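# Pasted the sequence and its predicted model underneath.
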Number of protein chains: 2
Amino acid sequence: MFVNRMPRYEILSADAMATLDRGWRRIVSEIGVEFDSPRALELFRRAGMKVEDKTVFFDPEFVLEQVAKAPREFDVQARNPANTVHIGGDHMVFGAVYGSPFVREGDVRRDATLDDFHRFCKLSQVFSELDSAGGVVCEPNDVPLDSRHLDMTYALQTLTDKIYMGNVVSGPNAADTIAMTSILFGGRENIERTPAVIALINCNSPLRWDERMLDAQFEYSAANQPVVITPFLLMGAMSPVTIPAALAQQIAEALTGIALSQLIRPGCPVIFGSFLSNIDMRTGSPCFGTPESAIGLLATGQIARHFGLPWRSGGGLTSSQVADAQAGYEALMTMLPTFLAGANWVMHAAGWLESGLVSGYEKFIVDIEILRMLQEEFTPLEIDEASLAFDAHAEVGHGGHFLGAAHTMERFRTCFYRPLLSSSDNYERWMRNGGKDAAARAGEIYRAKLAEYEQPPLDDAIREELADYVARRRAELGD
Amino acid sequence: MFVNRMPRYEILSADAMATLDRGWRRIVSEIGVEFDSPRALELFRRAGMKVEDKTVFFDPEFVLEQVAKAPREFDVQARNPANTVHIGGDHMVFGAVYGSPFVREGDVRRDATLDDFHRFCKLSQVFSELDSAGGVVCEPNDVPLDSRHLDMTYALQTLTDKIYMGNVVSGPNAADTIAMTSILFGGRENIERTPAVIALINCNSPLRWDERMLDAQFEYSAANQPVVITPFLLMGAMSPVTIPAALAQQIAEALTGIALSQLIRPGCPVIFGSFLSNIDMRTGSPCFGTPESAIGLLATGQIARHFGLPWRSGGGLTSSQVADAQAGYEALMTMLPTFLAGANWVMHAAGWLESGLVSGYEKFIVDIEILRMLQEEFTPLEIDEASLAFDAHAEVGHGGHFLGAAHTMERFRTCFYRPLLSSSDNYERWMRNGGKDAAARAGEIYRAKLAEYEQPPLDDAIREELADYVARRRAELGD
């Protein structure tokens, strides 16, 4: 897995941080946060917080005491131990796009299906730049809604041997995910010891946590599985239009959600979530890859470290409808700040298109290329006498070239980044090869990679037990 | 003009800098640098350096003494005083693509013409994100080679009222540029007082300065016009394949070229140039927007500041043949590090395509969008009580939305970046509008901008004097 040992790019002064600190404290204590869950309200009431109707008014010091119980770093195990990841510190873990109802292949945009879900799982398995397929890599619209979470979890468990995300649509769905994860890892005690499934808990921002998400959070936190507590902030709609206000709100929502997890099970793993961009004020459409979202990312990394928490960002985000120039620069406009800010858990790292409504096959490959480049770029340069290559300079002298120098001959196979998608072909060669743009080449690459895919081995008994669980629960759910 | 008050992202440790320092000192003193100019060799000989044939063996301390005479910052005046720029410190100045023999419009790639040159000048004038059209915004292949520099200079002077770059093909061409600049600014004494034209002096790397470039450098430095002393390093061809070796070579070449300028005219303005990328070792093709070039940019900014010099980078570089996803992410892979490293003079900031062989109309617009986004992103965030917008939170409360909040209503027109090119239209609207990708929309934008162009006013007597100069010199040159 990738460890980012480059410096962090920090943009908040101590004064700015103190101002934000005053901001979230005032929000949680004076406006409070709504929790649509009797169990949550009861936990907060018993801990001494003032609760009125569904609103909890927090003592900020109590919030910080709870937050301090969360681990700064932890492992999430994969069924292939080589794919187990570490969340926190300088480690960066990458998962594919999450939650899109549609897919795009070339010029065709259509409803996503379970077959698409399988294909995106396979692509995520094939590319070592990804640590996970994520969770809902697209929405399998052709299978029944009530049991769809079983199909998705089974696919993630059997088509990949990497970590995966768990269903959060309801408490029972979360319980199913945990049960299936317990089967895969040989019992619940094994996953309680080392977590094995990550759950994304989104806030109904501003300042409200909804019942079904909270029910899922209760299941995952009780089982010691990490929850990504994520304020969902499109500035102008779910938060004010000034970035500092959004940041203060983000802290208020994330820390109170995290406090709940620590009341459910002290010491359970959590991730400070961030999903922060803005809408177009003329149309109301969400915008991604904006300057505002980049600034938000840089600030959020610094804020999460201030509270001693691992944190989550999105990478590869774009509003573009197709894998064009806009998709390229917007994806990098989020992914490069993600590296600069050192995000620990990077969702939507491959395949996100059209503001998250579409999982794009070509875009998936564009994003893999971006990831590969940045993983190379954010590997510290070794500068020592050997790397100065004085002998090469002495050999070549003035006005010559280094193509045949001994220093070059020793290193030419590995000295530079080798692209997956990008072309530096001269015009004549590029035309001979069909004059294909990056999206067309990306199409060829994902089709070839799908053809290469091999299913990772899994013990037959475990596979059968998982299939039985799915069949039994599907029947119980009436599908 | 844009002032980058964000922090610099610095990646070299003190140890690394000391190693690079040993590197360039050893190169200039033990291998030496070749200067194919009797005048240059005579200047170095008289200054006490050892000269053998055309090679100068430098005392590194002497080089540093000369470099210390160069100004850390200076102005370059434009004929419209509002467009005068400051080079150095936190200031960033942006010029369009330079030197391409071809152009691309949509699917058509063809030889560039003087009409293309004029159109790129007009686009550079129209967009306030650019401080300059640069110099050879494309090569006007349809006019005679010997007098082409006169056509280009006249176009830059009359179609734009921004700063421009001077011809460097030969000493006489440089003298023509200076003569025409003297006409435009009311006499040579006026441009000697405040420089008015920037000249790009490229090294024939490794470690050789060619005669014609040096002749041009003599003209510009003697006239107190800034020269951008630029090692031209494609690692694997013009420098070794390790980045530290390329950086040491870059310092050796740049500082010795700068030392020459300071011998020609002590205190004349110079810019530490950088053009640093790599070739594909399988094909020999140059690659741009690579991780190596990004690392080179970050390191070069730190190095130039170490020597107290303003510095030049390229931005918006790509190997892509068309304005596709690759062009988008590679352009940002150079432009974002350019901002992080705080380059002072950014060449190729708009229109670069196909490794610099092509000036692309659509790519020009893609780059303008990237520049606009980064100029917004690298403007420090103000974080104070007002920007926390507590009243907006109090007004909206839990689970509501901020679309109609008073705080939003006061700011909705200006609160977020408004794109020029990027689309966040929902799918239905995007399809209704023709389902155009970013390149197609960029085509519409540059055509509309050319239609909007108005020639900036210029005194008739000056225009006539310039035209007379061009006519007379064209006749003398036999064209």
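Good, I have the coordinates.
# was I right about A:Ile442 contacting A:Leu421?
If you look again at residue A:442, you'll see it is Ala, not Ile. Yes. With contact defined as Cβ atoms under 8 Å, A:Ala442 counts as touching A:Leu421 (5.8 Å). The way it works is simple: take the backbone N, C-alpha and C, and place the C-beta from them, glycine included.
# Please enumerate the shared neighbours of those two.
Here A:Ala442 and A:Leu421 have A:365-366 as joint contacts, going by Cβ atoms under 8 Å, 6 or more residues apart in numbering or on different chains.
# When those two are compared, which one has more neighbours?
Applying other Cβ atoms under 10 Å in any protein chain shown to A:Ala442 and A:Leu421 shows that A:Ala442 carries more neighbours, namely 28 against 21.
# Contact partners for the more buried one?
Applying Cβ under 8 Å, 6+ apart, the residues contacting A:Ala442 are A:323, A:361-366, A:421, B:325.
# so which strand or helix has A:Phe402?
Secondary structure from DSSP states H and E places A:Phe402 outside every helix and strand.
# cool, and A:Val93?
strand A:91-94.
# which other helices and strands contact the helix or strand just after that strand?
Next helix or strand after strand A:91-94 toward the C-terminus (DSSP H and E): strand A:102-105. Contacts defined by 3 or more Cβ pairs under 8 Å, 6 or more residues apart in numbering or on different chains; DSSP states H and E place strand A:102-105 against strand A:108-111, strand A:358-360, helix A:361-377.
# hey, which of those is tucked in deepest?
strand A:358-360 (a mean of 30; mean count of other Cβ atoms under 10 Å in any protein chain shown).
# sorry, back to before: run through who's touching the strand holding A:Val93.
Contacts to strand A:91-94, defined as Cβ under 8 Å, 6+ apart, come from residues A:1-4, A:73, A:76, A:85-87, A:129-132, A:163, A:315, A:339, A:342-346, A:349-350, A:371.
# Quick check: ChimeraX command selecting the buried ones in the residues you listed.
Selecting only the buried entries of the contacts of strand A:91-94 in ChimeraX, with 16 or more other Cβ atoms under 10 Å in any protein chain shown as the criterion:
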select /A:2,4,76,85,86,87,129,130,131,132,163,315,339,342,343,344,345,346,349,350,371
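# Buried residues in the helix or strand A:Val63 falls within, which are they?
Using DSSP H and E, A:Val63 maps to helix A:60-67. If you call a residue buried by 16+ other Cβ under 10 Å, then helix A:60-67 has these buried ones: A:60, A:63, A:66-67.
# what's the offset of it from the middle of its chain?
In terms of Cα atoms, centre = their mean, to the nearest Å, the centre of helix A:60-67 is found 26 Å from the chain centre.
# average pLDDT for it?
Across helix A:60-67, the average pLDDT comes to 98.
# For the stretch 51-200 of chain A, which residues are neighbours of chain B?
For the stretch 51-200 of chain A, the contact set with chain B under Cβ under 8 Å from any Cβ of the partner chain comprises A:55, A:109.
# on that earlier part again, will you turn the contacts of A:Ala442 into CSV that also has pLDDT and distance to B:Ser13?
CSV is the format used below for these (pLDDT from 0 to 100; distance: Cβ to Cβ, whole Å):
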residue, pLDDT, distance to B:Ser13
A:Ala323, 98, 39
A:Tyr361, 98, 42
A:Glu362, 98, 40
A:Lys363, 98, 37
A:Phe364, 98, 37
A:Ile365, 98, 36
A:Val366, 98, 34
A:Leu421, 98, 33
B:Ala325, 98, 35
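# Closest one of those to A:Asp111?
A:Tyr361 (14.6 Å; Cβ to Cβ).
# Relative to A:Gln321, how far out is that closest one?
Counting by Cβ to Cβ, to the nearest Å, the gap from A:Tyr361 to A:Gln321 is 14 Å.
# Which other helices and strands does the helix or strand containing A:Glu410 contact?
If you go by DSSP H and E, A:Glu410 is part of helix A:406-411. If you count contacts as 3+ Cβ pairs under 8 Å, 6+ apart, helix A:406-411 packs onto helix A:390-396.
# Buried residues, the helix it packs on. List them.
If you call a residue buried by 16+ other Cβ under 10 Å, then helix A:390-396 has these buried ones: A:390, A:392-393, A:395-396.
# Identify the residues contacting it?
A:402, A:405-408, B:23, B:26-27, B:30-31, B:206-207, B:240, B:245, B:249.
# now could you export just the CA positions of that helix as CSV?
Coordinates of the C-alpha atoms in helix A:390-396 are reproduced here as CSV (Å, rounded to 0.1, in the frame of the first residue of the first chain):
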residue,chain,number,x,y,z
PHE,A,390,29.0,13.0,-11.9
ASP,A,391,30.5,10.3,-14.0
ALA,A,392,27.8,10.6,-16.6
HIS,A,393,28.4,14.3,-16.9
ALA,A,394,32.2,13.6,-17.2
GLU,A,395,31.4,10.9,-19.9
VAL,A,396,29.1,13.0,-22.1
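# Ends of stretch A:25-39, what's the gap?
24 Å (Cα to Cα, to the nearest Å).
# pull the longest helix from chain A.
Longest helix in chain A by number of residues, with DSSP state H as the criterion: helix A:243-264.
# Past that one, which element shows up next along the chain?
strand A:270-273.
# For that next one, give the mean pLDDT please.
In the prediction, strand A:270-273 has an average pLDDT of 98.
# what's the following helix or strand after that strand?
From strand A:270-273, the next helix or strand downstream (DSSP H and E) is strand A:275-279.
# just to revisit the earlier point, tabulate the helices and strands packed on strand A:102-105 (TSV), appending distance to A:Lys436.
Formatted as TSV, the helices and strands packed on strand A:102-105 follow (distance: least, Cβ to Cβ, whole Å):
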stretch	distance to A:Lys436
strand A:108-111	18
strand A:358-360	17
helix A:361-377	11
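# Determine which two of the contacts of helix A:390-396 are furthest apart.
Longest span within these, Cβ to Cβ: A:Thr408 and B:Glu30, 20.3 Å.
# ok, those two, which is more surrounded?
Using other Cβ under 10 Å, the more surrounded residue of A:Thr408 and B:Glu30 is A:Thr408, with 23 against 12.
# how close does the residue of the stretch 251-400 of chain A found nearest chain B sit to B:Glu376?
Across the stretch 251-400 of chain A, no residue is closer to chain B than A:Gly328, which sits at 2.8 Å (Cβ to the nearest Cβ). Distance check for A:Gly328 against B:Glu376: by Cβ to Cβ, it reads 19 Å.
# Just checking the distance from the strand or helix carrying A:Gly328 to the centre of its chain.
For A:Gly328, the host element (DSSP H and E) is helix A:325-340. Relative to its chain's centre, helix A:325-340 lies at 14 Å (Cα atoms, centre = their mean).
# now it against helix B:361-377, angle please.
30 degrees (axes from the mean of the first three to the mean of the last three Cα atoms, to 10 degrees).
# moving C-terminal of helix A:325-340, what's the next helix or strand?
strand A:345-347.
# mean confidence for the strand holding A:Val93?
Mean predicted lDDT for strand A:91-94 stands at 98.
# Okay, now the sheet partners of it, with direction.
strand A:2-3 (antiparallel), strand A:345-347 (parallel) (DSSP bridges).
# could I get those as a markdown table with mean pLDDT and distance to A:Tyr154?
Formatted as a markdown table, the strands paired with strand A:91-94 follow (pLDDT from 0 to 100; distance: least, Cβ to Cβ, whole Å):
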| stretch | mean pLDDT | distance to A:Tyr154 |
| --- | --- | --- |
| strand A:2-3 | 98 | 28 |
| strand A:345-347 | 98 | 21 |
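# Now tabulate those strands in TSV and tack on distance to B:Leu260.
Shown next, in TSV, are those (distance: least, Cβ to Cβ, whole Å):
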stretch	distance to B:Leu260
strand A:2-3	45
strand A:345-347	48
